[in-house]
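S.K.: give the three-dimensional model of this entry:
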Amino acid sequence: MGLIDALGGNSAGIDASEAEADQRQKYPLLLHKDECVEMAFQVKGFGRDKSFMTTHRILIKDGKGIGNKRRSYVSIPYNSIQCFSVETAGMLDGDIELKVWTDGNPLSQKIEFSKREVNIWTIQQYMNAKINFSKELATAETAQNRPIPASQWSTPSSSSSSSKKVSLFDWLGGNAYMMDLKMAEDQLKTITPVLLEDETVHMAFRERRDSIFFTSHRLLEVDVQGISGKRIEFISLPWRFIRGFSIETAGPLDVDAVMKLYTNIRGLGCLSQDFRQSRVDLMAIKRYISDRILGVDETPIQAGVDRKEGHVDPKGSWFFRDNQRPLDSVEMDKYYHDLVPILQPGEYVEYAFKGRRDVTLFTTKRFIDIDPKGLAGTRIEYTSVPWSSVMAFGAKTQGKYMDSDAECIIWTDMMFFPGSGEDNPPTPGMASFEIDFNPKLVDVVKMKQYIAKRVLDAGSKIPLDPNTFALAPTGEGQDNWIDWLGNNQRSIDPRAVEEKIRTENSSLLLEDERIIMAFKAGRDTVIFTDMRVMELDVRGMSGQKVKYTSIPYPSIRAFKVESAGDFDRDAYCKVYTRNLWDLKDLSMDFRKGKADVIAIQRFLSAIVLGTPKDATRYLSQVQPLPQKADPASMKSFMSWLLDNSSEEDAETTNGIFHSDPPILLTNEKVNKAFRQGRDLFVYTTHRILIVDVQGIRGKRVEYKSVPMRWCRTFKIETAGHMDRDAETYIGADIDNGMVVEQSILVKKHDIYEMHAYLTNEIIFAKEPPSLAEEPEALIY
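M.R.: Numbers count the residues shown, from 1 in each chain. Okay, the predicted model is just below:
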């Protein structure tokens, strides 16, 4: 088995204390001073690759190439792990596995162990103690990062248990049936010791050889594989990462119902389970999932909601037969509480709509899509999207010619369906929803306002006094036809824009929402309010069809701005989200000389990097009129930027980026700076700033900001015999796992110093200093 383990890359346990001492002696900067190695493993045979489970992270060493000079170290903090699984060995293989899914990059990581050398249940119990199963996000201060006594993750003794018989029909059909809870919990704590000591099983189901368990801490899926059934994977999914769910009832020709649980875990987007409807209480399962994900607190109805009480369904014309029309929400509330009890006791229907057969409910806690299937429509799928899972929203009004649709759009942080080839292309899945309304009966702009009230968090609102602040427009006159064709924005008076909106279409803004900046290009407008960025995209010859897109500030994960060059008239700004479908980012072009992109960059910095109060402090100090930048200072900045020297002083960089141009915020400090060709990588107390110089003369410069709070995992790779440079890779919880990749010249820098810096900033990070100290003007 030793040769098989060596060829298969299987690891065996080694002494943790000796391994820690060896690493500290060889690589003093690899481990943090407050970090201890609790478990250590080494690949059998060649022995170059090692894995360490420390108090704070999983650290994986991977030797590369001939010799041992080039190697990589992957750091996965425990608070970046969303889900994990352990897998027992099969009859013909000698390896057991641990797999983790992260919110950074790599999206998943697997470690293989020798089944003769490592107890898989010890690994399971260790991970149980390290992973945060509560609804609150783990931080560097949580107990998961403290040393764990070996007794806490040692393997319990085994005992026997009986199993319940299942009919051949259920087994062949793959339909799950209820299991005895006491027997299930006993098995999961003794025979296969997966659960924590204080963890209880609330529901348990078996499908053929596989099982699924709802516990007080997690959803546990047990997947039995292979002919012998000895290879078993136990997937542990904390409840907080389940972001939506659906229940599909059985139809007249099939006896199974289907439950689907949707996550925001990239690579593990959906867990599905079939049930024999006659053997389980489907509504009890639905209520349990609802309570777990939505909470059990009562949520009151919004003030001013028109529930259409007493409204008679007009049925809709043939032309609008598929578009949703309003229903009596009070009647629908009673129906879905009493006759089809899918709603919680403290949950209320605020709006209800019906298409040809589909029904859409907007409740105080979620959006529900009710989709009858088949000719008879007796097979019904109930899909729930909690308001907390919605990260952006929008609307499309009806056009004038040959366009009968008016739509509301909801974007979430869940996965799309990737498809499988040309015959099965990708679809939005749970990442995006479009609800078509009958434009003669439903005002989609008012529905957008309703969704805004449900989604926009009052806690993230910038507490700004509109009487003392508004960004003044930059530049004079109307945009010319080149700007109109190129979609280049020019700033306009935010007070005038707000007054026009309040007068002509008050549903666009909330009652207490204020506009901070506004930009216009041709017929299109971009607005920055104290709660969100909103794009108004006018379409069609008549201009009656308008698409409204709203991104709340908490949904912005990163951003970049780019200055104009010699031969192009436009600068631009782009914000990044965590949506994985068609709203991964939103781009805005700005007219040269008519919009200050540096001011926009600092505005986004204050909002995205800090707290609402930080943003308030900065924005309240904005000068009423902009001043032109000093050409001499800009020239000196470009001269410094185009100097190809690779050695950068943090204090010098700090001074430059606080003055010309003023990219950084006042209380933000540069910790490290590296040059890569003409580009710069600047690491501050609050972000990674990537400066990308473009064009022959280097006048077009892109500034990309990745907040440190979303940097979740990292890897370093040392230089080899034939390499001049080492690399760092930082995985961020942005888009589909954004990676910040940087090369470091080994003659100038020690890659392990960078590793120590990232360890301190990502794993041992504390709250960054407030941005609100010593405020300065935003525009210069």
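
S.K.: residue ranges in the stretch 201-350 of the chain under the pLDDT threshold?
M.R.: Scanning the stretch 201-350 of the chain for pLDDT under 70 picks out 316-321.

S.K.: show me where it has helices.
M.R.: Listed in chain order, the helices of the stretch 201-350 of the chain (DSSP state H, counting those that start in this stretch) span 282-294, 329-334.

S.K.: nearest to Gly695, of the ones you listed?
M.R.: Gly695 lies closest to helix 282-294 among these, at 49.8 Å (CB to CB). For the C-beta atoms, the positions are set from N, CA and C on the backbone; glycine is no exception.

S.K.: packing partners of the closest one?
M.R.: Applying 3 or more CB pairs under 8 Å, 6 or more residues apart in numbering; DSSP states H and E, one finds that helix 282-294 contacts strand 201-207, strand 242-248, strand 256-263, strand 379-386.

S.K.: how far off strand 256-263 does that helix point, in degrees?
M.R.: Angle, helix 282-294 to strand 256-263, by axes from the mean of the first three to the mean of the last three CA atoms, to 10 degrees: 0 degrees.

S.K.: sort out which residues of helix 282-294 are buried, please.
M.R.: Residues of helix 282-294 classed as buried: Leu282, Ile285, Lys286, Arg287, Ile289, Ser290, Arg292, Ile293, Leu294 (neighbour count, 16 or more other CB atoms under 10 Å).

S.K.: residue contacts, Phe393?
M.R.: Residues in contact with Phe393 (CB atoms under 8 Å, 6 or more residues apart in numbering) are Cys408, Ile409, Ile410, Trp411, Lys448, Ile451, Ala452, Val455, Ser550.

S.K.: 7 Å instead?
M.R.: Listed by CB atoms under 7 Å, 6 or more residues apart in numbering, the contact set of Phe393 reads Ile409, Ile410, Trp411, Lys448, Ile451, Ala452, Val455, Ser550.

S.K.: and these as a markdown table, adding secondary structure, pLDDT and distance to Pro439?
M.R.: Listed next are the contacts of Phe393 as a markdown table, based on DSSP: H, G, I helix; E, B strand; the rest coil; pLDDT from 0 to 100; distance: CB to CB, whole Å:
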| residue | secondary structure | pLDDT | distance to Pro439 |
| --- | --- | --- | --- |
| Ile409 | strand | 97 | 15 |
| Ile410 | strand | 97 | 18 |
| Trp411 | strand | 97 | 22 |
| Lys448 | helix | 95 | 13 |
| Ile451 | helix | 96 | 17 |
| Ala452 | helix | 96 | 20 |
| Val455 | helix | 95 | 23 |
| Ser550 | strand | 96 | 20 |
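
S.K.: which of those lies closest to Ile123?
M.R.: Trp411 (37.3 Å).

S.K.: wait, the closest one touches Leu583, no?
M.R.: Yes. With contacts counted by CB atoms under 7 Å, Trp411 reaches Leu583, the gap being 4.8 Å.

S.K.: need the overlap of contacts for these two.
M.R.: Taking CB under 7 Å, 6+ apart as the criterion, Trp411 and Leu583 both touch Ala392.

S.K.: more neighbours, the two?
M.R.: Neighbour totals were compared for Trp411 and Leu583, and Trp411 leads with 27 against 22 (other CB atoms under 10 Å).

S.K.: and that one, how close does it get to Gln82?
M.R.: Here Trp411 is placed at a distance of 20 Å from Gln82 (CB to CB, to the nearest Å).

S.K.: so which of the helices and strands packed on helix 282-294 comes closest to Ile227?
M.R.: Distance to Ile227, taken as CB to CB, is lowest for strand 201-207 among the helices and strands packed on helix 282-294, at 17.8 Å.

S.K.: show me what that closest one is packed up against.
M.R.: strand 177-178, helix 181-189, strand 210-215, strand 270-276, helix 282-294 (3 or more CB pairs under 7 Å, 6 or more residues apart in numbering; DSSP states H and E).

S.K.: that strand vs helix 282-294, what angle?
M.R.: Our comparison of strand 201-207 with helix 282-294, counting by the same axes, to 10 degrees, yields an angle of 130 degrees.

S.K.: got the angle between strand 201-207 and helix 181-189?
M.R.: For strand 201-207 against helix 181-189, the angle by the same axes, to 10 degrees is 90 degrees.

S.K.: buried set for strand 201-207?
M.R.: Buried residues in strand 201-207 (16+ other CB under 10 Å): Val201, Met203, Ala204, Phe205, Arg206, Glu207.

S.K.: quick revisit: would CSV of the buried residues of helix 282-294 with distance to Ile751 be doable?
M.R.: Shown next, in CSV, are the buried residues of helix 282-294 (distance: CB to CB, whole Å):
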residue, distance to Ile751
Leu282, 56
Ile285, 51
Lys286, 52
Arg287, 53
Ile289, 47
Ser290, 49
Arg292, 44
Ile293, 43
Leu294, 47
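
S.K.: burial measure for Asp457, as a count.
M.R.: Counted with other CB under 10 Å, residues neighbouring Asp457 total 12.
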